[in-house]
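Asks: Everything below, folded, please.
(2 chains)
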Amino acid sequence: MRNWEAIVERQLNGLALEPAESTEVIAELAAHLAETCEEFRRQGITEEEAARRTLSQVEDWQKLSRLIRKARTKENVMTNRVKQFWLPSLLTLFLSMGLLMLIQSLGPNPWIAARRSGWSLIAPVAVIYLPWLFLLPLIGALGAYLSNRAGGSQRAMLTSIVFPVLPYFVFFLLALPVTVLFNESLGHNIMFIALFLGLLVWVVAPGAALLAGGVLARTFLSRRSDARGIAGG
Amino acid sequence: MIGPGIKRGTAELAVLSVLEDGPLHGYELARRIEQQTKGALRFTLAALYPMLYRMEQRGWIRGSWETSQQGRRRRCYRLTAAGKTKLSPLRKEWSELFSALRRLTKVSHA
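Replies: Numbering: from 1, shown residues only, chains lettered A, B, ... in the order given. Just a heads-up that it's a prediction; the model follows:
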């Protein structure tokens, strides 16, 4: 005899309702699953197969968890948005900026990529903080974990992971077209190349590092969630 | 393609209509709808409960825990006065829609 309540409780991890309300929802869904499974068994289906068919009624437990929470909470939209998006986003932003400031003040020195002419560097120069880039996947993973735990959608999770590079992205989005338009009159022919280089160093590279960690964490969390469902069955 | 609004509307109408005959728990409610529509409308757990909870929040149905003769605890849903009031215009709306579609289909086939 399967413990359907334990299975539902594990799968709906992060339901984020009041404890008494969560218990009620879990008990109700578990009773439904138990009856579905019993019906399959009455049809002569093996227990293993009956359990598999019963669980296949829910393709995405995270989505179900979100829908139930949405349906049962009246005006709680703001709280959910804070937990699923703003909290992970601001945390990744502050951690990423704090880490960068720490590395800038304590070292090691950044890697400077530029063409050289003798001992001097020729502009544009790219200043790359390698330890920062290597640590960013951890921050991305933390953002993904927090958003996932609060039952955030895939979009909320991805946005909160790359949130630290969004201010830079907006800056370059505004600065690049302006530079293209006024490049001649500014008389700085290197401006466009410098900005493009900046886009790579401050948006593309850290964004990719954050996403790498975040997506890996998300994959790990969803696999663990699936494994729990099978093990609990 | 049937949009989510239409799907939700038919699902709510189905639930309210079935509960009009008497209180039922979620599993039995889904089975009853499937039987009465000869399998045309089927509710999985993932589709049924968010809808039931939403309808309960709107005050159309009310759930309460009951213990069956076998000692199993189940949450039974019954239609509220607000649900009964909702059912009548919903039926009219859908009846008009189906009539319109029937008329349109006849015209299209003519």
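Asks: contacting residues around B:Leu90?
Replies: By CB atoms under 8 Å, 6 or more residues apart in numbering or on different chains, the contact list for B:Leu90 reads B:9, B:12-13, B:16. Bear in mind the C-beta positions are built from the backbone N, C-alpha and C, glycine included.
Asks: Secondary structure and neighbour count for the residues you listed - can I get that in JSON lines?
Replies: What follows is those, written out as JSON lines (DSSP: H, G, I helix; E, B strand; the rest coil; neighbours: other CB atoms under 10 Å in any protein chain shown):
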{"residue": "B:Gly9", "secondary structure": "helix", "neighbour count": "16"}
{"residue": "B:Glu12", "secondary structure": "helix", "neighbour count": "21"}
{"residue": "B:Leu13", "secondary structure": "helix", "neighbour count": "17"}
{"residue": "B:Leu16", "secondary structure": "helix", "neighbour count": "20"}
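Asks: Pick the one among these closest to A:Glu49.
Replies: B:Glu12 (33.0 Å; CB to CB).
Asks: wouldn't that closest one be in contact with B:Leu52 here?
Replies: No - using CB atoms under 8 Å, B:Glu12 makes no contact with B:Leu52, being 10.0 Å away.
Asks: about what we covered before: including pLDDT, could the contacts of B:Leu90 go into a markdown table?
Replies: As requested, these are arranged in a markdown table below (pLDDT from 0 to 100):
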| residue | pLDDT |
| --- | --- |
| B:Gly9 | 73 |
| B:Glu12 | 89 |
| B:Leu13 | 90 |
| B:Leu16 | 94 |
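Asks: low-scoring stretches of chain A, by residue?
Replies: Chain A contains residues with pLDDT under 70 at A:1, A:74-80, A:115-124, A:150-151, A:183-192, A:224-233.
Asks: how about the residues of it near chain B?
Replies: Residues of chain A found near chain B (CB under 8 Å from any CB of the partner chain) are A:24-25, A:27-29, A:31-33, A:35-36, A:57-60, A:63-64, A:67-68, A:70-72, A:74.
Asks: Make a ChimeraX selection of whichever of these turn out to be buried.
Replies: The following ChimeraX line selects those of these that are buried, judged by 16 or more other CB atoms under 10 Å in any protein chain shown:
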select /A:24,25,27,28,29,31,32,33,35,36,57,58,64,67,68,70,71,72
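Asks: So which of the residues of chain A next to chain B are in helices?
Replies: Of the positions in the residues of chain A next to chain B, A:24-25, A:27-29, A:31-33, A:35-36, A:63-64, A:67-68, A:70-72 sit in helices, assigned by DSSP state H.
Asks: Just give me the closest of the contacts of B:Leu90 to A:Leu146.
Replies: B:Glu12 (34.8 Å).
Asks: What values do phi and psi take at the closest residue in space to that closest one that isn't next to it in sequence?
Replies: With sequence-adjacent residues excluded and distances taken as CB to CB, 6 or more residues apart in numbering or on different chains, B:Glu12 is closest to B:Met55, at 6.4 Å. Main-chain torsions, B:Met55, degrees, to the nearest 10: phi -70, psi -30.
Asks: And A:Thr46, by the same measure?
Replies: The phi/psi pair for A:Thr46 (degrees, to the nearest 10) is phi -60, psi 160.
Asks: hmm, back to that, which one of the contacts of B:Leu90 is nearest to chain A?
Replies: B:Glu12 (12.5 Å; CB to the nearest CB).
Asks: what's near enough to touch that closest one?
Replies: B:51, B:55, B:60, B:90.
Asks: Just the pLDDT for the closest residue to A:Leu67 other than its chain neighbours.
Replies: Leaving out its chain neighbours, the residue that sits closest to A:Leu67 by CB to CB, 6+ apart is B:Pro50, at 3.8 Å. pLDDT, B:Pro50: 92.
Asks: Tell me which residues of stretch B:83-91 come out buried.
Replies: Here stretch B:83-91 shows B:83, B:86-87, B:90 as buried, counting by 16+ other CB under 10 Å.
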